[in-house]
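In: Fold the following.
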Amino acid sequence: MLHFFCLYSHLTAQISADKKLYDYVNTIINDKHLKGAFFSVKLVNFETGKTIFEHNPELKMVPASIQKAITTGIGFVNLGENYTFKTPVYYNGTIGADSVLNGNLYVVGGGDPSLCSKNFPEASPETVLNKITYGLKNAGIYVINGKIIIDNSYFDGNHSTSETVHSSWEWEDIGSYYGTGIHGLNFCENAFTVKISCKDPAGMVISPEYPYAETVMADIVSDITIIHQDSLPNVMPFSSPYANKYVISGEMPAGKETALDCALQNPAVAFEFWLREYLKYAGITVNDNSIDSVFDNKKCLLMEIESPPYRKLACFTNYVSHNLFADAVFKNISKITTGKTSFSKSSANMDNLLKSLKLNTQDICIVDGSGLSRHNLITARFMCEYLSAIKLYMPDFHLLLPSPGAEKSTLRYFMSSYASKNNKDRIFLKSGSMTGVLNYAGYIVNKNGETMCVTIMTNNFTCKTKDIRPKIEQLVYMISELN
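Out: Residues are numbered from 1 along each chain as shown. Next up is the predicted model:
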């Protein structure tokens, strides 16, 4: 009799929980802001594999950046948490007693997205460029009688054939830092800052923050309209891969200033410029003589610059939702496993690797690693199955996803109105958003300590994201309070 009572109580509690979620999801889908939009939810108990709740789990929807959770997880399976990107530096020729290298210096890109990133002290511009400078001095080289040669071919060959951006990325994205291309040699996250000021009565003042900008970005053109009203600046950079021209378009209120992060379209050129500046400051001369015909092409390794370990890169990728890092991993996985690095080959490779985890990929489409393309399509069902599979492979994968309130993350202000720290510490989510898209996927530990794989996706709404997010925050809170 006691066994029957316990079973009855469990079923009643489960039905009650389902009913609460069902009723609340009903209010969401009937909200005026989501009229005609797509809404999908799936909630699975990780330990038992049982579905706790679902609504439209088979809808194929644009994932946006929750796709990074897939990319970074497959990176762990195929690269390993201690994997590092490597950028070797070589020289050829001979080093004379007069400290002259009669040969060239070669920097060979290895696809490292963190090379000279300001977000990693061990990979900062100063750290990397100083390493090369000290390496030359330790080798007894104070004069390079040849050239500095940057090899940018790691992913896609030379400039004329390289595929740095996906063909379906939107025009308004690829001029901005978050749509910057993936190169064999990346530099400063392939971004630079432009400061725009309307405080000068004479007109607009646009100035690149970095001194190399005037050297390697030949042209920055203003198509900005100055408006005389109190509003926020609304400007956007437009450019294209390997272009030397940027058009800044939009509206700027008179008397205001703003900073705009733009895509660095030719990072190899910028890297070479900065390296030359560092060498000059350190007293190392580069003569730029053409002496290739004098010596053979045998190269000697001077040093190898390594990225931070993959786990650290993957965590950063998911926390700040960095597109460059995700797509560099996406292409590098394919480079390591198949030797092919185009987006199409990397996509086919990703499909095969997901199948190797016993996942059914028939109803999904993955074309990049970042989720920046609207050609990507996944379902809440697939996402939950993936989250279960990757957690079986890597039990602490949830720690690579931010919790609400996490500093320097896309969840910094998520659920800010929910004060319980204990509650937030049981939530680990990757967010994904673009115009008309707001998604969350990850893990929530309920009050009984059970881990649940969660996917919540909204597509094709026409209201502002701020009108939708509080409703999803409430849903996440309700899930975390389940018994």
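
In: and the spatially closest residue to residue 71 that is not a sequence neighbour, how many neighbours?
Out: With sequence-adjacent residues excluded and distances taken as CB to CB, 6 or more residues apart in numbering, residue 71 is closest to residue 369, at 4.1 Å. Where you see a C-beta, it was placed from the backbone N, CA and C, and this is true even at glycine. As a burial measure, residue 369 scores 34 neighbours (other CB atoms under 10 Å).

In: For residue 369, which three-state class applies?
Out: Using DSSP: H, G, I helix; E, B strand; the rest coil, the structure places residue 369 in coil.

In: Check the one 5 residues further on too.
Out: Assigned by three-state DSSP, the conformation of residue 374 is coil.

In: And the residue nearest to it when sequence neighbours are not counted, what's its pLDDT?
Out: For residue 374, the nearest residue in space outside its immediate sequence neighbours is residue 62; the separation is 5.4 Å by CB to CB, 6+ apart. Residue 62 is assigned a predicted lDDT (pLDDT) of 98.

In: ok, residue 62 - contacts?
Out: Taking CB atoms under 8 Å, 6 or more residues apart in numbering, we find residue 62 in contact with 374, 376-377, 434, 437, 459.

In: Also residue 106?
Out: When contacts are counted by CB under 8 Å, 6+ apart, residue 106 touches 89-92, 149-151, 299.

In: circling back to that earlier point, so which two of the contacts of residue 62 are the farthest from each other?
Out: Considering CB to CB, no two members of those lie farther apart than 377 and 434, which are separated by 13.7 Å.

In: which residues does residue 132 contact?
Out: For residue 132, the contacting residues are 89, 107, 275, 278-279, 302-303, 305, taking CB under 8 Å, 6+ apart as the criterion.

In: That one should be in a strand, yeah?
Out: No - the secondary structure assignment for residue 132 gives helix rather than a strand, going by three-state DSSP.

In: separation between it and residue 313?
Out: Here residue 132 is placed at a distance of 21 Å from residue 313 (CB to CB, to the nearest Å).

In: my guess is the residue nearest to residue 71 contacts residue 321, does it?
Out: No - between residue 369 and residue 321 there is no contact, the gap being 12.0 Å when judged by CB atoms under 8 Å.

In: intersection of neighbour lists for the two?
Out: Applying CB under 8 Å, 6+ apart, one finds that residue 369 and residue 321 are jointly contacted by residue 68.

In: Which pLDDT value belongs to residue 320?
Out: Per-residue confidence for residue 320 comes out at a pLDDT of 98.

In: make that residue 203, sorry
Out: According to the model's per-residue confidence, residue 203 sits at a pLDDT of 60.

In: where are the low-confidence patches of the stretch 201-350 of the chain?
Out: Low-confidence regions of the stretch 201-350 of the chain, defined here as pLDDT under 70, cover residues 201-204, 207-218, 292-297.

In: Now with 50, please.
Out: Within the stretch 201-350 of the chain, the segments meeting pLDDT under 50 span 211.

In: For stretch 73-83, measure first residue to last.
Out: Start to finish, the residues bounding stretch 73-83 are 13 Å apart (CA to CA, to the nearest Å).

In: Touching it from outside, list them.
Out: With contact meaning CB under 8 Å, 6+ apart, stretch 73-83 is reached by 309-311, 314, 329, 332-333, 336-337, 350, 353-354, 357, 386, 390, 393-394, 397.

In: switch to 6 Å and redo it
Out: Outside stretch 73-83, the residues within contact range by CB atoms under 6 Å, 6 or more residues apart in numbering are 309-311, 329, 333, 337, 353, 390, 394.

In: Narrow those to those that are buried.
Out: Burial by neighbour count, 16 or more other CB atoms under 10 Å: within these this picks out 310-311, 329, 333, 337, 353, 390, 394.

In: Of those residues, just say which sits nearest to residue 267.
Out: For those, the residue nearest residue 267 by CB to CB is residue 329; the value is 17.3 Å.

In: where's that closest one relative to residue 316, distance?
Out: Residue 329 sits 11 Å away from residue 316 when distances are taken as CB to CB.

In: same check, this time on residue 183
Out: 19 Å.

In: The two: which is more packed in?
Out: Regarding residue 183 and residue 316, a neighbour count based on other CB under 10 Å identifies residue 183 as having more, with 30 against 22.

In: measure the more buried one to residue 42 for me?
Out: Between residue 183 and residue 42 the distance is 37 Å, computed by CB to CB.

In: Now residue 428: which helix or strand?
Out: Element membership of residue 428, judged by DSSP states H and E, is strand 427-434.
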